[in-house]
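Student: could you look at this predicted model? Sequence included:
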Amino acid sequence: MAQIEWPWQYGFPPFFTIQPNAETCARQIAAWRALILEYHAVQKQGVLDVREAQRSPLFNNSAINRTLPQEGIVKILEDLARTGNAEPQDKTKTRWFIYWHTLDEWGEIIYAWAQNNGFMNTVCTLYELTAGDNTSEEEFYGLDSEILIKALRTLEQKKKAELIFFDDNQGVKFF
Amino acid sequence: MRRRAGIGAIQKQKLEQEKYRDKGTELQENQFEQMAKQLEVFRTNLEEFATKHKKEIKKNAQFRRQFQEMCASIGVDPLASGKGFWSVLGIGDFYYELSVQIVEVCLATSYKNGGLISLDELRQRLIQARGKSKQHQDITNDDLLNASRKLRIFGNGFSVYPIGKGQYVVQSIPGELTMDHTAVLTQAANSGKAHVSVSMLERELKWETGRAEKALNHMVKEGLAWLDSQDPQEKLYWFPCCFAACINAS
């Protein structure tokens, strides 16, 4: 597992208590946002389940015996959603997609790769994109398939790609 | 003197008194003139001295301090007078430059410490940010105090508070710290733990609960302290400006 470099706040006990002061709280949330995105990017983990989150070292620093409460986690996730960096999977808001790149950014990253590697006007399977030999060095290698499809949909809207579903296979064609 | 009778005697006495008075003022004037002359000579000498050692004053921290002390003892503030010969010397420039840099550091770090920085951290950061030559590196806490005190002219947005054991904090956000608040900071800094609690203030400062709560709540409200509600005993109040990892964080 890749190692993450914890920011200084991670060892600062009150970081795990949502701050009553609005300004301090804004600074706190900004730090949490960066940490959450960084953590998920390093772990290549696209989904966060609020019910299990408190057991993750991300929100639970056992060294100082502090855990971010669930309301705090949701508060930060909602802030991430505001900027397109997170999205609840359903109305219960228990499972969240985490986008360390926004869907638009992911779309552009994948599109740039297709352009640079001569995959225009051909069909690639989604498996090829996230698990194939050609992309093992790419940032989107190992990306959650649901997130991948959402990212490709943004390209579809811009008429830069088309998703193709046939039998059990999923593919995409870039133009 | 034997008292003589008659109106002539009274008049004579009056005359004498007047003479005495005249002589008195004359003497006083003489003395004043002499003092003024002496002071003038001293001023010229001080000017000469300052011009002669201008470079040394700028370069050498210890020398600078002694010069400051000398000026202070005769009631001259080389920083305060923008006009006159002091400005020509450019001694103030050293401090003005430093003041600007202090403001820069305070602004750059306020996102993490809420606008409260210890003088030691300030000095570390300044040394990192300034030029590599000895002249730039050699700044003492005294210099910083002098320079940051000058910033007070911008109103109460900038103040220096002693927090005991020769330590100081510089506050770079509007609002005044009362004695109680600085006492809280002193506790946090000297406990070495970067935090305080109501019971700690009751114990160490012999405060009543209400007083401690009021001070702490105010400091949270001002964004100076962070609340930590996960200690098993009681609420803790943390100060980033005393927290080692925060001080070292870029």
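Tutor: Structure received.
Student: tell me which residues are up against the longest helix along chain A.
Tutor: The single longest helix within chain A, with elements called by DSSP state H, is helix A:22-43. With contact meaning C-beta atoms under 8 Å, 6 or more residues apart in numbering or on different chains, helix A:22-43 is reached by A:1-4, A:6-7, A:9-10, A:15, A:18-19, A:45-46, A:48, A:58, A:68, A:75-76, A:79-80, A:85, A:98, A:100, B:111-112, B:114, B:220, B:223, B:226. Glycine gets a C-beta too; all of them are placed from N, C-alpha and C.
Student: any weak-confidence spans in chain B?
Tutor: Applying pLDDT under 70 to chain B flags the ranges B:1-4, B:74-92, B:131-137, B:250.
Student: so which bits of it are right by chain A?
Tutor: B:111-112, B:114, B:195, B:220-223, B:226-231, B:236, B:238, B:240, B:243, B:245-246, B:248-249 (C-beta under 8 Å from any C-beta of the partner chain).
Student: where does residue B:38 land in three-state SS?
Tutor: helix (DSSP: H, G, I helix; E, B strand; the rest coil).
Student: what segments of chain B are strands?
Tutor: B:116-118, B:159-162, B:168-171, B:195-196, B:226-228, B:236-238 (DSSP state E).
Student: adding mean neighbour count and distance to residue A:114, write the ones you listed out as a markdown table.
Tutor: Putting these into a markdown table (neighbours: other C-beta atoms under 10 Å in any protein chain shown; distance: least, C-beta to C-beta, whole Å) gives the following:
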| stretch | mean neighbour count | distance to residue A:114 |
| --- | --- | --- |
| strand B:116-118 | 23 | 49 |
| strand B:159-162 | 17 | 59 |
| strand B:168-171 | 24 | 54 |
| strand B:195-196 | 25 | 53 |
| strand B:226-228 | 23 | 47 |
| strand B:236-238 | 23 | 49 |
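Student: with distance to residue B:55 added, can I get those strands in a markdown table?
Tutor: Listed next are those as a markdown table, based on distance: least, C-beta to C-beta, whole Å:
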| stretch | distance to residue B:55 |
| --- | --- |
| strand B:116-118 | 31 |
| strand B:159-162 | 28 |
| strand B:168-171 | 29 |
| strand B:195-196 | 46 |
| strand B:226-228 | 46 |
| strand B:236-238 | 45 |
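Student: sorry, back to before: in strands only, show me the contacts of helix A:22-43.
Tutor: Using DSSP E, the contacts of helix A:22-43 in strands are A:48, A:98, B:226.
Student: between the residues you listed, which is nearest residue B:9?
Tutor: residue B:226 (87.7 Å; C-beta to C-beta).
Student: so the closest one makes contact with residue A:12?
Tutor: Yes - using C-beta atoms under 8 Å, residue B:226 is in contact with residue A:12, at 7.3 Å.
Student: what residues are shared contacts of those two?
Tutor: B:238, B:240.
Student: residues near residue B:173, how many?
Tutor: Neighbourhood size, residue B:173 [other C-beta atoms under 10 Å in any protein chain shown]: 17.
Student: please apply the same query to residue A:105.
Tutor: For residue A:105, using other C-beta under 10 Å, the count is 16.
Student: so for the longest helix of chain A, mean pLDDT?
Tutor: For helix A:22-43, the mean pLDDT works out to 91.
Student: quick check: domain ranges of chain A?
Tutor: A:8-98, A:103-174 (automatic domain parsing).
Student: how far out from the middle of the chain is the first one?
Tutor: Translated: domain A:8-98. Taking C-alpha atoms, centre = their mean, to the nearest Å, one finds domain A:8-98 lying 12 Å from the centre of the chain it belongs to.
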